[in-house]
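my questions are about this predicted structure, shown below with the sequence.
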Amino acid sequence: MQANIDKVYASVQGSDWTPDWIGPLRASAFQKFSELGFPTRQNEDWKYTSLRPITGGSFGWLDEAHPNTDKSLENFMIPGADTLVFLNGSFAPHKSHMHPESGLTVMPLHRAIKTKKDLVEAHLKASHSLPRGSFEELNDATFSSGALVQVDARHAVTRPIQFLFVNTESAAAQLISPRNIVHIADGASATVVESYFSYLEPHLTNVVSSYEVGRGAQLRLFQEKILSSQSLHVGKNLIKARRDADVACFTLTLGGRISRTELQIDLEESGANARLDGLYLGRMQTHLDHVTTVQHLAPHTTSSQVYKGILYDECRAVFNGRINIVKNAQQTVAHQLNKNLLMSSTAEADSRPQLKIDADDVKCSHGATIGQLDALQTFYLQSRGIPRAEAEQMLAKAFVRDVMYRIQDATMQSRMLSLLENYGGITV
């Protein structure tokens with residue numbers, strides 16, 4: 001099989017990650033993945049993204065009891081947060097920081113499989129019954145990492161909860177398959193940060209994260225992906241929001257040979273609101289692919305999306321933004337905007353905003369732009385004595401400023417700005 005996936009599956013299936021009740025679920029998922037295979041560019045959802053670096057690779061699997069690294073992790077960690085650290089997919093308890101708190105459960109998934117069996121089993125079976133793509137089936141068949149979070153009803157978690165995945169040195173490229181499960185009960189609130197940092201090793205990360213946000217609950221979700229030019233990353237986030245739930249997501253993607261981020265939000269009951277914002281920046285021959293799907297499944301739901309990209313060198317970016325409004329979802333308000341700034345003549349962007357509206361009393365808009373810097377603006381700055389390179393950086397800063405300042409959490413806004421400066425080279 002391509003990329004040595006069958007051997008990885010056999011290793012996980014025969015490990016402590018697979019108690020008797022998980023084995024049949026894994027086998028069924030692997031059978032479905034074998035039938036589907038990896039997506040090709042003939043698949044409309046993958047039309048602009050080639051997976052040759054993945055299908056032409058070979059991946060192994062390791063489950064280390066005490067993973068370690070000589071790399072410093074302090075710059076990746078959020079001060080004061082509950083942080084679960086995973087090194088090449090293996091949980092690192094000696095690097096993690098957790099603070100016991102009534103009303104909050106945070107634990108690595110391998111522990112939850114033993115102590116929260118009913119919850120994990122119900123989640124996996126419900127997920128297994130849904131229509132899914134190849135990478136989701138592959139994750140179901142091989143997951144061997146990840147976290148479980150439970151927030152009790154009407155409990156407000158005041159510090160961030162961070163899942164920190166760091167891919168470092170390894171004897172061979174690994175398939176790393178995290179599965180994150182987050183339940184925020186009615187009236188509760190939490191901030192969750194999914195952090196992915198990678199060095200030069202060409203590991204493949206295939207992550208699936210599921211969020212259930214209860215009635216009147218609040219989720220602030222941040223995804224930060226700081227990836228090397230050799231990194232392979234595919235991620236799917238599925239969020240289900242019930243009545244009057246409020247969900248805000250921000251995604252920062254910097255680099256990646258292949259980085260694919262899928263974010264789906266189902267607004268299941270009236271009053272649910274979602275805000276999706278993101279910034280992606282690529283250099284050299286990186287490939288950045290973002291897919292958003294917002295499903296308005298009930299009346300009086302709202303959503304807004306603003307995604308921006310800055311592309312240098314030979315970087316290519318893809319944005320697929322979907323809004324689906326079902327027949328009974330009257331009084332829906334949904335807006336979407338994607339803008340791309342090409343910083344070289346060899347950079348390329350594809351933007352595909354899509355609206356599917358089956359209701360007749362809605363307010364919707366979508367827009368997309370792709371272009372290079374305004375030559376007149378650049379000339380104006382140069383005429384004031386500013387060197388061309390500096391003038392271009394000033395214009396790039398102005399381009400990203402509004403989306404970065406849509407982050408309402410001051411601490412997380414400061415962190416995202418710092419990551420953009422340190423790893424993206426842009427100070428806002």
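That came through, no problem.

quickly list what F86 is bridged to.
When bridges are taken as DSSP bridges, the partners of F86 come out as F91, F165.

my guess is it meets S145, correct?
Yes. Taking CB atoms under 8 Å as the contact criterion, F86 and S145 are neighbours in contact, 5.6 Å apart. Quick note: C-beta positions are derived from backbone N, CA and C, even for glycine.

tell me, what's touching those two both at once?
Taking CB atoms under 8 Å, 6 or more residues apart in numbering as the contact definition, F86 and S145 share the neighbouring residues F165, P178.

against R401, how distant is the nearest residue to R388 once chain neighbours are set aside?
Beyond its immediate neighbours in the sequence, the residue positioned closest to R388 (CB to CB, 6 or more residues apart in numbering) is Q382, lying 5.8 Å away. For Q382, the distance to R401 equals 21 Å [CB to CB, to the nearest Å].

likewise for Q305?
18 Å.

which of these two has more residues huddled nearby?
Neighbour comparison, Q305 and R401: the larger count goes to Q305, with 25 against 14 (by other CB atoms under 10 Å).

the helix or strand that one falls within: partners in the sheet, and parallel or antiparallel?
Taking DSSP states H and E as the criterion, the element that holds Q305 is strand 302-311. When pairs are called by DSSP bridges, strand 302-311 turns out to pair with strand 273-282 (parallel), strand 332-342 (parallel).

and N75, how many residues sit next to it?
Close neighbours of N75, defined as other CB under 10 Å, add up to 11.

and the closest residue to it other than its chain neighbours, what's its pLDDT?
For N75, ignoring the flanking residues on the chain, the nearest one in space by CB to CB, 6+ apart is N422 at 7.9 Å. pLDDT for N422: 93.

N422: what secondary structure?
Under the three-state scheme (DSSP: H, G, I helix; E, B strand; the rest coil), the conformation of N422 reads as helix.

same question for the one 5 residues further on.
Per three-state DSSP, the local secondary structure of T427 is coil.

and V192, by the same measure?
strand.

correct me, but it touches Q218?
No. Using CB under 8 Å, V192 makes no contact with Q218, being 11.2 Å away.

who's in contact with the helix or strand hosting L221?
Assignment of secondary structure by DSSP H and E places L221 within strand 218-226. Under the contact criterion CB under 8 Å, 6+ apart, strand 218-226 has outside partners 182, 184, 188-198, 211, 213, 233, 235, 237, 239, 241, 245-256, 259, 261, 409, 412, 415-416, 419, 423.

report the rounded mean pLDDT for whichever helix or strand comes after that strand.
Toward the C-terminal end, the helix or strand that comes next after strand 218-226 (DSSP H and E) is strand 232-241. Strand 232-241 shows an average pLDDT of 98 in the prediction.

packing partners of strand 232-241?
helix 134-142, strand 189-198, strand 204-213, strand 218-226, strand 246-254, strand 258-267, strand 273-282 (3 or more CB pairs under 8 Å, 6 or more residues apart in numbering; DSSP states H and E).
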